[in-house]
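Novice: Would you be able to build a 3D model of this:
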Amino acid sequence: MWTAVILIISVVALVMALVNRTARIRNGEDIDEIRNSLYELRITLKSLRAEWNFKLAKIQVNLLKYQEKIPRDRIPYFITGECIACGSCLPECPTNAITENLLFEIDPALCIACRKCAEICPVGACRPLEEPAGAFSA
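Specialist: Got it, this is the predicted structure:
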């Protein structure tokens with residue numbers, strides 16, 4: 001549900017940015033400025049998506065621990081907004097907990113905290129779920 005809300009807001013923001021920039025292009029604005037603005041918007045949206053994934057994963061893990069479906073001492077991993085979508089983590093996961101959506105995501109119910117994703121990640125985007133919230137830079 002929150003993902004849909006974020007996507008709707010991002011599409012509206014993107015359309016508004018394009019409409020505003022179209023008028024400037026007619027006045028001789030450089031197209032590189034528009035590309036930079038869209039890139040910054042994409043990076044911001046990626047960071048917001050990663051933060052929502054983190055929050056939802058924490059809720060899911062707490063629920064799974066409460067229901068005793070995973071051990072209380074397990075700290076699953078998640079993928080931050082720093083992910084460059086290289087896909088190197090995907091084949092390393094022994095439980096197939098990693099999926100590729102808008103971002104690569106780790107299903108906390110399947111993650112056994114083996115650290116294989118973190119060891120292979122070239123940018124350090126795979127981190128324990130208990131990581132501080134400042135880990136959402138893009």
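
Novice: what's the spacing between the residue nearest the centre of the chain and residue 43?
Specialist: A centroid search over the chain (CA atoms, centre = their mean) returns residue 50, at 2.8 Å, as the residue closest to the centre. For residue 50, the distance to residue 43 equals 11 Å [CB to CB, to the nearest Å]. Glycine gets a C-beta too; all of them are placed from N, C-alpha and C.

Novice: before we move on, what about residue 95?
Specialist: For residue 95, the distance to residue 43 equals 30 Å [CB to CB].

Novice: cool, residue 55 as well?
Specialist: 19 Å.

Novice: what about the strands in the protein?
Specialist: 77-79, 98-100, 104-106, 126-128 (DSSP state E).

Novice: Could you point out which of these sits nearest residue 12?
Specialist: Taking CB to CB, strand 104-106 is the member of the strands of the chain nearest to residue 12, at 23.9 Å.

Novice: The closest one - what's its average pLDDT?
Specialist: In this model, strand 104-106 carries a mean pLDDT of 90.

Novice: and residue 85, what does it touch?
Specialist: Residue 85 makes contacts with 100, 103-104, as judged by CB atoms under 8 Å, 6 or more residues apart in numbering.

Novice: Over to residue 127?
Specialist: So residue 127 contacts 77-80, 118, 135 (CB under 8 Å, 6+ apart).

Novice: Burial check on the closest residue to residue 88 other than its chain neighbours, number of neighbours?
Specialist: Residue nearest to residue 88 in three dimensions, not counting chain neighbours: residue 120, with 5.0 Å by CB to CB, 6 or more residues apart in numbering. Applying other CB atoms under 10 Å, we find 15 residues neighbouring residue 120.
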